[in-house]
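K.L.:
heads up, no residue letters with this:
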């Protein structure tokens, strides 16, 4: 679990701490206009048990002094967002959001118009059992990771500590769910290549990213290869060049303690991964903090010379400048 690693904090740039948003766990950026979307929730209440609801915030990276703006204040009903994904094609821009509602998790689809969100549809299903992240691949189509195969707390704990490969990826084709990939150790973040031929799935307790070939007609995923990273990978963002940016937990047992007690710090790590044909991937550690500035980094999203780093818990994210 990385508990005996020697960690050296570093970052070749500067940062500003943005506070006031609880649990900014996932961030994605519209590269056409520089608008970032931040998923926020008080994580211990993420399964709908807490009295405080979450929201999705907008963060304009082209503003000289950006500040988060609540975009879902008018969303009706319980809202506990987790993973998010942006889809944009042929004048249609939509944001897909994992929502941990009481009784039944779902995927919320929002139309994005002039920087505002308009709720369009809620999708739920039996195969959407423990959703963590979502990957939008069409106006109504998406993949979602179920981070556990078990439903009970005991079963989930056994999966985590025994590193059992019981989680999966499901695909929704606009009308029904199917299982697209199985046998993953804690399926977490999910994203795809710019051409849509490959899908990347973070295996947190597997300490790797799993790469799948995608059948565009059926949505089926075929395992291609592993990118072993020796760290607890979380969300995956892909920049315009095709490189992967991953928020990581280099010490997983420390992260577990932090999740139970957010006052205990947990290291934050950002990796940049460049996949190269016929050669091993190039893995660069861009950012490392012992948890003093930001604990438990979960995502890193880049736009030009800006990198936003989110976290599972706490009330802050980092606006980093290279």
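P.N.:
Ah, there it is. All of these numbers come straight from a predicted model, not from anything done at the bench.
K.L.:
Provide a list of residue ranges in the stretch 201-322 of the chain with pLDDT below threshold.
P.N.:
Within the stretch 201-322 of the chain, not a single segment meets pLDDT under 70.
K.L.:
element containing the residue nearest the centre of the chain, please.
P.N.:
The centroid of the chain falls nearest to residue 235 when counting by Cα atoms, centre = their mean (3.4 Å). Assigned by DSSP states H and E, residue 235 belongs to strand 232-238.
K.L.:
Now do the helix or strand just after that strand: distance to the chain's middle.
P.N.:
Remark: after strand 232-238, the chain's next helix or strand is strand 244-249, criterion DSSP H and E. With Cα atoms, centre = their mean, to the nearest Å as the basis, strand 244-249 stands 9 Å off its chain's centre.
K.L.:
Counting by contacts, list what strand 244-249 packs against.
P.N.:
Contacts defined by 3 or more Cβ pairs under 8 Å, 6 or more residues apart in numbering; DSSP states H and E place strand 244-249 against strand 187-192, strand 232-238, strand 268-276, strand 297-303, strand 306-311. Where you see a C-beta, it was placed from the backbone N, CA and C, and this is true even at glycine.
K.L.:
Mind listing the strands the second one pairs with, and their directions?
P.N.:
Put plainly, it is strand 232-238. If you go by DSSP bridges, strand 232-238 pairs up with strand 244-249 (antiparallel).
K.L.:
What lies in contact with the partner strand?
P.N.:
189, 191, 200, 202, 204, 209, 229, 231-239, 255, 266-275, 286, 296-302, 307, 309-310 (Cβ atoms under 8 Å, 6 or more residues apart in numbering).
K.L.:
any idea of the angle it forms with strand 297-303?
P.N.:
Counting by axes from the mean of the first three to the mean of the last three Cα atoms, to 10 degrees, strand 244-249 points 160 degrees away from the direction of strand 297-303.
K.L.:
residues near residue 63, how many?
P.N.:
Residues near residue 63, counting by other Cβ atoms under 10 Å, number 10.
K.L.:
my bad, should have said residue 16
P.N.:
Residue 16 has 11 neighbouring residues, counting by other Cβ under 10 Å.
K.L.:
list the contacts for it?
P.N.:
318-319.
K.L.:
swap in the one 5 residues further on?
P.N.:
For residue 21, the contacting residues are 38, 40, 57, 68, 315-317, by Cβ under 8 Å, 6+ apart.
K.L.:
A strand includes it, no?
P.N.:
No: read with DSSP: H, G, I helix; E, B strand; the rest coil, residue 21 is coil and lies in no strand.
K.L.:
what separates it from residue 69, distance-wise?
P.N.:
In this view, residue 21 and residue 69 are 11 Å apart by Cβ to Cβ, to the nearest Å.
K.L.:
what's the answer for residue 195, then?
P.N.:
Counting by Cβ to Cβ, the gap from residue 195 to residue 69 is 33 Å.
K.L.:
If anything else comes up later, I'll come back, but that's it for now.
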